[in-house]
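Trainee: The following block contains a protein sequence and its predicted model.
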Amino acid sequence: MRSHRSDQSGGRPRSTARRSLQALVLMFAMVVGTLPVTGAAQAHGTIINPATRAYQCWNTWGSQHTNPAMQQQDPMCWQAFQANPDTMWNWMSQLRDGLAGQYQPSTPDGQLCSNALSRNNSLNQPGAWKATTVSRNLTVQMYDQASHGADFFRVYVTKQGFNPATQKVGWGNLDLITTTGRYAPAQNISFNVSIPSSRSGSHVLFFIWKASHADQTYMWCSDIKI
């Protein structure tokens, strides 16, 4: 009957070492399976200043998303985390493919802030979203982890009198204020936006990003205070 043979260094038998390696591989797979789905396949981007709703929630509360203080201090992020935490973990993945430029027909009123993705519907809800204080002439900053580049960005602002605390954003609430040109692939893209002098107080900036690597469209809302 053949006994197990130690390796030349005098270590453990090969079969024991093999079982240990298999156990480590299994443990690694189990750990990976519990992590948020933010790997390369999900790596895209968003507007980080003024922060989009999902990014603001992740940036503020991602490391303490179970903190009960969020419910009082940031109730809109609280309801978003309760509805679907993946909306915040995957703040960079709010995209749809194949819209062929039909942005308004493909995106119903009241679903603009989620890019008509049901999993992100919490972002459409009106309420006391944390707002970024901006001047009328601001520099928008986008972080694109995958460096897709852009065919263009379109920026809209809500009309004076719109109340983000009580109203969902619809196309009729918006005015187009900026359409950019193309941008080469880069992780960091910035461009200037001028907000009309007729706007003051609380508003929403609505962004459309048409990525340049494919027919892939992103839409977001950023809450601002002018």
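Mentor: Right, received. Where do you want to start? All of these numbers come straight from a predicted model, not from anything done at the bench.

Trainee: Quick check: which ranges of this protein have low pLDDT?
Mentor: Along the chain, the model assigns pLDDT under 70 to residues 1-43.

Trainee: At which residues are the helices of the protein located?
Mentor: Using DSSP state H, the helices assigned to the chain run over residues 14-33, 53-61, 70-73, 75-83, 86-89.

Trainee: contacting residues around A51?
Mentor: By Cβ atoms under 8 Å, 6 or more residues apart in numbering, the contact set of A51 is 59, 132, 222. C-beta: built from backbone N, CA, C; applies to glycine.

Trainee: quick one: the residue most central in space within the chain from A116, how far?
Mentor: Residue closest to the mean C-alpha point of the chain, counted by Cα atoms, centre = their mean, is W91 at 2.1 Å. W91 is 17 Å from A116, where distance means Cβ to Cβ, to the nearest Å.

Trainee: Next one: W171 from G45, what distance?
Mentor: 24 Å.

Trainee: The two - which one has more neighbours?
Mentor: G45 (25 against 15; other Cβ atoms under 10 Å).

Trainee: so where do the strands sit in the chain?
Mentor: Shown for the chain, the strands assigned by DSSP state E span residues 45-49, 95-97, 132-133, 137-144, 150-158, 174-179, 188-194, 202-211, 216-225.

Trainee: what's the neighbour count on L138?
Mentor: Residues near L138, counting by other Cβ under 10 Å: 18.

Trainee: Tell me who's in contact with the residue lying closest to it once chain neighbours are set aside.
Mentor: Excluding the flanking residues, the one nearest L138 by Cβ to Cβ, 6 or more residues apart in numbering is V193, at 5.6 Å. Taking Cβ under 8 Å, 6+ apart, we find V193 in contact with 137-140, 155, 177-178, 205.

Trainee: now swap in T52 and tell me
Mentor: 46, 91, 94, 207, 220-222.

Trainee: again with Q145
Mentor: 43-45, 92, 187.

Trainee: ok, those vs K159, which is closest?
Mentor: G45 (27.7 Å; Cβ to Cβ).

Trainee: who's that closest one bridged to?
Mentor: D144 (DSSP bridges).

Trainee: Surely it touches A150?
Mentor: No: in this structure, G45 is not within contact of A150 by Cβ atoms under 8 Å, at 9.7 Å.

Trainee: Look up how far S198 lies from the closest residue to L174 other than its chain neighbours.
Mentor: Using Cβ to Cβ, 6+ apart and skipping the chain neighbours, the partner closest in space to L174 is Y156 (4.0 Å). To S198, Y156 is 14 Å away according to Cβ to Cβ.
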